[in-house]
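1. got a sequence here, can you build the structure:
(one chain, ligands or ions: 1)
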Amino acid sequence: MKIFCIGRNYVDHAKELNNPVPSEPLIFMKPPTALLLNNRPFFYPDFTQDLHYEGEIVLRVAKNGRSVEPEFASRYYDAVAFGIDFTARDVQDKLKSKGHPWEIAKGFDRSAPVSRFISLEELKNAQDIHFQLKKNGAVVQDGHTRDLIFTFDTLICHISRYFTLHKGDYIFTGTPAGVGPVQIGDVLEGSIEGTELLRCAIK
Ligand code: ZN
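-> Presented below is the predicted three-dimensional model:
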């Protein structure tokens with residue numbers, strides 16, 4: 001399976017990191033070894049001093065497809081989960097400043113905690129999903145997918161122009177404002193429409 005991630009897909013987050021708002025989706029990938037499932041703890045890596053959380057809605061791809069047309073895009077995903085795109089921000093900044101790929105800052109082992117999935121049919125409005133990330137009990141990110149620069153359908157069309165989608169692939173759809181550092185001992189909790197789905201203790 002593949003894990004696609006979208007950078008800078010909320011205007012307020014692009015601005016908080018002083019990045020330009022993209023004119024087309026910014027795609028990167030994490031390998032399957034990045035997955036951290038079943039609310040297992042996350043062990044702070046030794047190669048970073050500035051590990052950041054990015055709380056995101058994760059789409060699950062429902063069927064195989066290439067070059068999907070917009071009118072069919074919504075058939076290609078069927079469920080959402082809460083995910084964290086852990087980022088070694090110091091490593092990423094160094095790589096970005098040299099114009100290098102940022103894989104090691106984003107795709108390292110267990111950098112992608114993902115909760116259980118909930119079917120889109122269970123949500124009252126799949127076009128505007130409300131999600132929140134708490135750090136040690138305080139809300140640090142509060143997002144609505146109505147604020148996405150590129151919608152779920154647009155992401156399906158765009159990604160599938162370059163990469164064949166396979167049933168079971170994941171798409172991290174981007175993070176809203178409020179990203180920040182974690183320390184050993186912190187606990188992150190992610191919820192969708194008020195239902196807590198993800199819990200991640202930093203060890
Ligand atoms: Zn992200």
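2. tell me who's in contact with the residue most central in space within the chain.
-> Nearest to the geometric centre of the chain sits residue 172, at 3.3 Å (CA atoms, centre = their mean). Residues near residue 172 by CB atoms under 8 Å, 6 or more residues apart in numbering: 3-6, 30, 56, 58, 83, 85, 112. Every residue, glycine included, has its C-beta placed from N, CA and C.
3. what pairs with the closest residue to it other than its chain neighbours across the strands?
-> In this structure, residue 172 finds its nearest non-sequential neighbour in residue 5, 4.1 Å apart by CB to CB, 6 or more residues apart in numbering. Note on residue 5: beta-bridge partners by DSSP bridges are residue 28, residue 172.
4. confidence score at residue 5?
-> You'll see residue 5 listed with a pLDDT of 98.
5. contact partners for it?
-> By CB under 8 Å, 6+ apart, the contact set of residue 5 is 27-30, 56, 85, 106, 171-172.
6. how close does it sit to residue 69?
-> Computed with CB to CB, to the nearest Å, the distance linking residue 5 and residue 69 is 23 Å.
7. ok, longest helix in this protein?
-> Ordering each helix of the chain by length in residues (DSSP state H) puts helix 152-162 first.
8. for the residue of the chain found nearest the ion, grab the count of nearby residues.
-> Per CB to the ion, residue 85 is where the chain lies closest to the ion, at 3.4 Å. The burial count assigned to residue 85 is 27, neighbours taken as other CB atoms under 10 Å.
9. how about it: what's its closest non-neighbour residue?
-> With sequence-adjacent residues excluded and distances taken as CB to CB, 6+ apart, residue 85 is closest to residue 54, at 4.1 Å.
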